[in-house]
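Q: sequence-free structure coming up:
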């Protein structure tokens, strides 16, 4: 007999469902919003309304919807055949483990936890500076830092205003990223980006790195949804097949296969 | 009309994509070989897929070994998660193409999992002739004996020790033997082998017959978090 798989996610009963230990309709509906229910889905705790509002702000600040941006172009390419959710699925399918997109926010969370431990010790400022400099000198990656094509990530600035307004600016990890970003300016290192800022917010809400990866993916979903919806509606032929001059060929030159060469020689 | 400017407009970018394998500027080619006038006349479909993955026109022996291994790799049924998922999507009323898309994601995940699981414990890939990757032990499942016999029947090279390996390891050993070494090569080969059988099983599912689906197979037990 097959042993039953254990699940904490849910059970469908009569009149209500169980969801991570709560009666979904009786206890959560009307009290917990999207982000609190998401936090439970990630294996975390319920969020307060203020915490939910902060994540709501983060989801808006994190948007960068230009369809030319690499991950969103993927959505546009696949949705160009008319499938909205196929475009959305294609936009999500590659994200797990990728160096671009929301996944590195989890790496940023791991780095922040590591640096927070250093910053918590004696002479924290100098220890943090030394740790950052050592990473820079070693050429190590700084997940959550790095802002291409511009001096600072405007989304971080906007999120910072929201963090202040919502009263979360005292969070230990938020304070750390502010300190790190100032340090980066000083030493000429990579600036804080939206992945690092979201990681700090999520860590201050008690989330772990693995939870941060999925949370950030969900926060950025509207980028994908908007492009999938418009892309599928437009079905542009130019994306389904680019014009001939939109690609050049740099592979092996034209050649004859061994069997074709053998057939040619035999015919002579 | 407002003109918006941003980093994309103000940065220099390449003017075109770069293709490195296939081209169709004149007549379509694959790694430089003309598809219509060369490959279609002198190579079987399986051999052409092997060429696509390796960049090398296969020998008759390698082509045959690849095709035999691919036939063995095609063995999948509704107990396997990708086929199950595709058939279930169809049962839920998915359009055939969307059910196939679901199954395709599952096939890629299955192949990724299998290739990673079968990776030699010491890291890296075994030499092509090494049929006993480190870390492989008996699983109680079928071994590669039938694969060895089929290869011998087709007069293809049988890697040493193939019969003693678990079937998946034996299939991967043959695929490595014919030049597929990296996960970028092995995963698409496994997916290619199983795609048509998956599509056929999904197509055979009756759309909308939800009551015919065994909801509690396998059983789940709800346990609230402590």
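A: Done, it's in. Keep in mind that this is a model prediction, so the values were computed, not measured.
Q: Pass me the low-pLDDT residue ranges in chain B, would you?
A: Across chain B, the ranges flagged by pLDDT under 70 are B:120-139.
Q: Any chance you could note which residues of it sit beside chain A?
A: With C-beta under 8 Å from any C-beta of the partner chain as the criterion, chain B meets chain A at residues B:6-8, B:10-11, B:16-23, B:25, B:29, B:31-34, B:38-39, B:41-43, B:55, B:57, B:98, B:101, B:105, B:217-225. Glycine gets a C-beta too; all of them are placed from N, C-alpha and C.
Q: mind redoing it with 6 Å?
A: Within reach of chain A by C-beta under 6 Å from any C-beta of the partner chain, chain B has these residues: B:7-8, B:11, B:16-21, B:23, B:31-33, B:38, B:42, B:57, B:218-225.
Q: The residue of chain B positioned farthest from its centre and chain A: what is the separation?
A: In terms of distance from the mean C-alpha position of chain B, residue B:1 ranks first, at 50.1 Å (C-alpha atoms, centre = their mean). Distance, residue B:1 to chain A, using C-beta to the nearest C-beta, to the nearest Å: 18 Å.
Q: Where does residue B:176 fall, secondary structure wise?
A: Taking DSSP states H and E as the criterion, residue B:176 maps to helix B:167-177.
Q: who does that helix touch, helix- and strand-wise?
A: Applying 3 or more C-beta pairs under 6 Å, 6 or more residues apart in numbering or on different chains; DSSP states H and E, one finds that helix B:167-177 makes contact with helix B:60-73.
Q: quick one, strands of chain A?
A: Using DSSP state E, the strands of chain A run over residues A:5-7, A:10-12, A:17-19, A:22-23, A:247-249.
Q: What's the local residue count around residue 174?
A: If you meant another chain, say so; for now it's chain A. Number of residues near residue A:174 (other C-beta atoms under 10 Å in any protein chain shown) recorded here: 21.
Q: think we crossed wires, I meant chain B
A: 30.
Q: Check whether it really touches residue B:69, as I assumed.
A: Yes. Using C-beta atoms under 6 Å, residue B:174 is in contact with residue B:69, at 4.0 Å.
Q: Residue B:148 is in contact with residue B:162, correct?
A: Yes. Counting by C-beta under 6 Å, residue B:162 does reach residue B:148; the two are 4.5 Å apart.
Q: Return the residues in contact with residue 24.
A: All of this is about chain A. Counting by C-beta atoms under 6 Å, 6 or more residues apart in numbering or on different chains, residue A:24 makes contact with A:16, A:17.
Q: please go with chain B instead
A: By C-beta under 6 Å, 6+ apart, the contact list for residue B:24 is empty.
Q: Same check on the one 4 residues further on?
A: Taking C-beta under 6 Å, 6+ apart as the contact definition, residue B:28 lies against residue B:35.
Q: For chain A, which segments are assigned as helices?
A: Assigned by DSSP state H, chain A shows helices spanning A:34-41, A:49-61, A:70-79, A:84-93, A:104-119, A:124-138, A:154-166, A:172-187, A:194-204, A:209-219, A:221-234, A:237-240, A:258-267.
Q: And the fourth one, what does it pack against?
A: Yep, that's helix A:84-93 we're talking about. Counting by 3+ C-beta pairs under 6 Å, 6+ apart, helix A:84-93 packs on helix A:70-79, helix A:221-234.
Q: quick check, the shortest one touching chain B?
A: No. Figure legend: helix A:70-79 not in contact with chain B (C-beta under 6 Å from any C-beta); closest approach 9.7 Å.
Q: For that helix, buried residues please.
A: Across helix A:70-79, burial judged by 16 or more other C-beta atoms under 10 Å in any protein chain shown covers A:71, A:72, A:73, A:74, A:75, A:76, A:77, A:78, A:79.
Q: Make a markdown table from the residues you listed and add pLDDT to it.
A: Below are the buried residues of helix A:70-79 laid out as a markdown table (pLDDT from 0 to 100):
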| residue | pLDDT |
| --- | --- |
| A:71 | 97 |
| A:72 | 98 |
| A:73 | 98 |
| A:74 | 98 |
| A:75 | 98 |
| A:76 | 98 |
| A:77 | 98 |
| A:78 | 98 |
| A:79 | 98 |
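Q: What number of residues are in the vicinity of residue 23?
A: You didn't say which chain, so I picked chain A. That count, for residue A:23 with other C-beta under 10 Å as the rule, works out to 14.
Q: nope, chain B
A: Counted by other C-beta under 10 Å, the residues lying close to residue B:23 total 20.
Q: Could you say which helix or strand holds residue B:83?
A: Since the elements are taken from DSSP H and E, residue B:83 ends up inside helix B:81-91.
Q: Out of the buried residues of helix A:70-79, which is nearest to residue A:192?
A: residue A:71 (20.1 Å; C-beta to C-beta).
Q: What residues does that closest one make contact with?
A: Contact analysis of residue A:71 by C-beta under 6 Å, 6+ apart lists residue A:101.
Q: From residue A:101, how far off is it?
A: Residue A:71 is 5 Å from residue A:101, where distance means C-beta to C-beta, to the nearest Å.
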